[in-house]
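Student: next one to model:
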Amino acid sequence: MGIDAKIEGQGGRTPLVSDYGELVVAPISYSSASVQLLDTNDTGVMFIPPISGKRIVITSMVFGTDKDVSGTIGSAIEIYESSTGSGETVATSIFQVDLIKQTTLPLVGVNIITSEGTWVMGKASDDDVKVSIYYYYV
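Tutor: Numbering: from 1, shown residues only. Just a heads-up that it's a prediction; the model follows:
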């Protein structure tokens, strides 16, 4: 027994049902990328600036350390929201991880939304950390 329904999309986009009965949808928006090198210990680096009236949705993050990061101590990495572009204050921590040298950590399929009007920042306890953040605004 089925239910008759009409689904209307906005902006000329209409959801579809495949020949196999699957609902076909698209993302709200496609992601942009911000790639930064965290090359000064414990110093905030801006990844994503705010847009007035918008929030940031993070869809994926990739972390990588090179051969110069300590193999025993590693690097403590934090991605966070800040109320200022200088990133001196952590308003909300988004993600924290410790990585040793020559490590890659991909986080895909996440769906993290920030507070309105905040910057997305990052810092690491050891330099030589590269971070990519994929995001869009809503």
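Student: which ones are touching residue 105?
Tutor: When contacts are counted by C-beta atoms under 8 Å, 6 or more residues apart in numbering, residue 105 is found next to 62, 63, 64, 97, 99. All C-beta spots, glycine's among them, are computed from the backbone N, C-alpha and C.
Student: could I get the residues you listed in JSON lines, plus columns for secondary structure, pLDDT and neighbour count?
Tutor: Output for those, formatted as JSON lines (DSSP: H, G, I helix; E, B strand; the rest coil; pLDDT from 0 to 100; neighbours: other C-beta atoms under 10 Å):
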{"residue": "62", "secondary structure": "strand", "pLDDT": "98", "neighbour count": "16"}
{"residue": "63", "secondary structure": "strand", "pLDDT": "96", "neighbour count": "23"}
{"residue": "64", "secondary structure": "strand", "pLDDT": "93", "neighbour count": "17"}
{"residue": "97", "secondary structure": "strand", "pLDDT": "95", "neighbour count": "16"}
{"residue": "99", "secondary structure": "strand", "pLDDT": "92", "neighbour count": "19"}
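Student: redo those residues as JSON lines? Include distance to residue 49.
Tutor: JSON lines is the format used below for the contacts of residue 105 (distance: C-beta to C-beta, whole Å):
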{"residue": "62", "distance to residue 49": "20"}
{"residue": "63", "distance to residue 49": "21"}
{"residue": "64", "distance to residue 49": "23"}
{"residue": "97", "distance to residue 49": "23"}
{"residue": "99", "distance to residue 49": "26"}
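Student: residue 136: which of the residues you listed is nearest?
Tutor: Nearest to residue 136 among the contacts of residue 105 is residue 62, at 16.5 Å by C-beta to C-beta.
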